[in-house]
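Enquirer: fold the stuff below for me.
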Amino acid sequence: MSNVKTEIAELVAKKVKITQPQAEQAVDVVLDFVKKKLPANAAAQFDAILEGNIDLSDGIGLDDAAGLLGGLLGGKK
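Expert: Predicted structure coming up:
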């Protein structure tokens with residue numbers, strides 16, 4: 001599991017009080033679902049982020065990424 005996925009799984013495990021393996025499985029399911037909903041070029045960028053091939057240290061954090069994904073999936077804008 002990539003660093004980004006691990007970080008997300010750790011947040012999920014803490015927030016909903018489940019085990020790390022359960023959280024990792026849940027994160028994999030959600031990320032696979034999101035990836036299938038994205039256009040091909042966005043899915044490739046999504047993979048690159050999850051694999052740690054894009055530097056997110058420029059101030060874009062998980063909260064920002066979650067907001068962006070929420071917008072893509074029809075959430076609050």
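
Enquirer: residue 41: which element?
Expert: helix 40-50 (DSSP states H and E).

Enquirer: okay, buried residues for the lengthiest helix in the chain please.
Expert: For the chain, the helix that runs over the most residues, judged by DSSP state H, is helix 20-37. Of the residues in helix 20-37, those buried by neighbour count under the rule 16 or more other CB atoms under 10 Å are 23, 24, 26, 27, 31. Placement of C-beta: from N, CA and C, glycine included.

Enquirer: save these as JSON lines, and put in distance to residue 17 too.
Expert: Formatted as JSON lines, these follow (distance: CB to CB, whole Å):
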{"residue": "23", "distance to residue 17": "10"}
{"residue": "24", "distance to residue 17": "15"}
{"residue": "26", "distance to residue 17": "13"}
{"residue": "27", "distance to residue 17": "15"}
{"residue": "31", "distance to residue 17": "21"}
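
Enquirer: give me the neighbour count for residue 8.
Expert: For residue 8, the count of nearby residues is 23 (other CB atoms under 10 Å).

Enquirer: gap between the nearest residue to it once chain neighbours are set aside and residue 38?
Expert: Nearest residue to residue 8, sequence neighbours excluded (CB to CB, 6 or more residues apart in numbering): residue 27, at 5.1 Å. Separation of residue 27 from residue 38 (CB to CB, to the nearest Å) stands at 16 Å.

Enquirer: go on, residue 30?
Expert: Taking CB to CB, one finds residue 30 at 13 Å from residue 38.

Enquirer: what are the phi and psi angles of residue 52?
Expert: Main-chain dihedrals, residue 52, degrees, to the nearest 10: phi 80, psi 20.

Enquirer: any idea how many residues pack against it?
Expert: 12.

Enquirer: just to check, it is in contact with residue 6?
Expert: No - the pair residue 52 / residue 6 is not scored as a contact, 10.1 Å apart, by CB atoms under 8 Å.
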